[in-house]
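Q: coordinates only, sequence not included:
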């Protein structure tokens, strides 16, 4: 019998002023809604910083992946300050450097290249989510 | 005469990623910023504001800010008041939607029809608040010579 699946918390940046912030959010949605809906959970950064107990509890008890849209790394900083365990900090710009053809444009609505960059980013994170959740499943079985 | 910094309204949207209403707040803020009141408003990035961005905090301390929250938790309004000053106006998407009879907002990634109607409803109120906090001389159609020059 297997226990409930341990979820990985995904915390994208809430940036509103740059395309990279939109890519971060879109990648988070892609991972949580399309690729691994059962194994992941999205957390709103604003709730986390304002000290929402349930949200802080979620990052304190689950591994977290942060996706930041700029070098200020607000998502990673906030998760760390909330006592979370970050297993991977992703900067959209780093992913873009490896995929120069996918230049994101648009904030309210990403261009196709930006959407593709978000998908690439989400897909790159999928093996990590699988590793984390399979390890947690094993721990659950041995508990 | 010395040229003083131009007065602008700061818009802080909660952007709550977990709820469709958070998406409404973000899209409404962007529409006012880029389409309906360009030059009159700036957007302040909530995470940066919360994570200690001194520029954001200083702006919100000296310029009027309007917060747009997706839900009753009012993270944007509370954060603004906590770190800078009480917002000049505080809008909540769920309250505006209820007042306008808009129900069933869904699609945090791609808003449904109700969500798009909610964006328009929030934009309408947000525009009025921007005009109100900037005062009569900055209302649409009454732009200053300096603004006209910039256009």
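A: Looks like it arrived, so ask away. None of these values were measured; they are calculated from a predicted model.
Q: Following the chain past the helix or strand harbouring residue A:22, name the next helix or strand.
A: Using DSSP states H and E, residue A:22 falls within helix A:19-29. Counting by DSSP H and E, the next helix or strand C-terminal to helix A:19-29 is strand A:40-42.
Q: Neighbouring strands of that following strand in the sheet, and parallel or not?
A: When pairs are called by DSSP bridges, strand A:40-42 turns out to pair with strand A:8-12 (parallel).
Q: Now do the partner strand and helix A:19-29, the angle between them.
A: Angle, strand A:8-12 to helix A:19-29, by axes from the mean of the first three to the mean of the last three Cα atoms, to 10 degrees: 160 degrees.
Q: how about the residues of chain A near chain B?
A: Neighbours of chain B within chain A, by Cβ under 8 Å from any Cβ of the partner chain: A:12-17, A:21, A:25-26, A:28-29, A:33, A:42-47, A:49-50, A:52, A:72, A:74-75, A:77-78, A:107-108. (Each C-beta comes from the backbone N, C-alpha and C, glycine too.)
Q: same for the longest helix anywhere in chain A, what does it pack against?
A: In chain A, with assignment by DSSP state H, the single longest helix is helix A:112-142. Secondary-structure packing of helix A:112-142 (3 or more Cβ pairs under 8 Å, 6 or more residues apart in numbering or on different chains; DSSP states H and E): strand A:8-12, helix A:19-29, strand A:63-68, strand A:85-91, helix A:92-98.
Q: Let me have these in CSV, extended by mean pLDDT and distance to residue B:73.
A: Formatted as CSV, the helices and strands packed on helix A:112-142 follow (pLDDT from 0 to 100; distance: least, Cβ to Cβ, whole Å):
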stretch, mean pLDDT, distance to residue B:73
strand A:8-12, 96, 17
helix A:19-29, 95, 19
strand A:63-68, 97, 21
strand A:85-91, 96, 24
helix A:92-98, 97, 27
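Q: Please list only the buried members of the residues of chain A next to chain B.
A: A:12-17, A:21, A:25-26, A:28-29, A:42-47, A:49-50, A:52, A:72, A:74-75, A:77-78, A:107-108 (16 or more other Cβ atoms under 10 Å in any protein chain shown).
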